[in-house]
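**Student:** Sharing a sequence plus its predicted fold:
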Amino acid sequence: MTDTATLPPLPDRLSIDPSSPFHNRDVFQHEVGIRFNDKDRHDVEEYCLSEGWIKVAAGKTLDRKGKPMLIKLKGKVEAFYR
């Protein structure tokens, strides 16, 4: 088991994109889980706990920079360490 005393606190907003200002490298040293509307999600690109939304890829569609197009889903968001 991992020791929860050494884990950094999960931020209110987190993104997996390294170029995002909401990317936190220390948090990604451990596996992060997202529960959206009481279901575990494994495809979350970004989340915000206080505003209650997640962003997920919209199929295989890419933007002009080659990154996946994201859609915002609103609901109950919970973040946790696995």
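**Tutor:** Yep, that arrived. Residues are numbered from 1 along each chain as shown.
**Student:** Quick one: residues contacting the residue positioned nearest the centre of the chain.
**Tutor:** Geometric centre of the chain, nearest residue: Glu46, 3.8 Å, by CA atoms, centre = their mean. Applying CB atoms under 8 Å, 6 or more residues apart in numbering, we find Glu46 in contact with 13-17, 20, 22, 54-55, 70. In short, each C-beta sits where N, CA and C put it, glycine included.
**Student:** now Pro68, which residues is it bridged with?
**Tutor:** Beta-bridge pairing of Pro68 under DSSP bridges involves Leu62.
**Student:** Val77 now?
**Tutor:** Counting by DSSP bridges, Val77 is bridged to Phe36.
**Student:** dump the residue contacts of it.
**Tutor:** Contacts of Val77 (CB under 8 Å, 6+ apart): 34-36, 47-49, 52-54.
**Student:** Only the buried subset of these, as a PyMOL command please.
**Tutor:** A single PyMOL command selects the buried members of the contacts of Val77 (16 or more other CB atoms under 10 Å):
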select buried, resi 34+36+47+48+49+53+54
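**Student:** Distance-wise, check Ile54 relative to Thr6.
**Tutor:** Between Ile54 and Thr6 the distance is 27 Å, computed by CB to CB, to the nearest Å.
**Student:** Ok, Asp17 next?
**Tutor:** Distance from Asp17 to Thr6, by CB to CB: 26 Å.
**Student:** Could you check which of these two has the larger neighbour count?
**Tutor:** Ranked by neighbour count (other CB atoms under 10 Å), Asp17 and Thr6 place Asp17 first, with 14 against 7.
**Student:** That'll do, ta.
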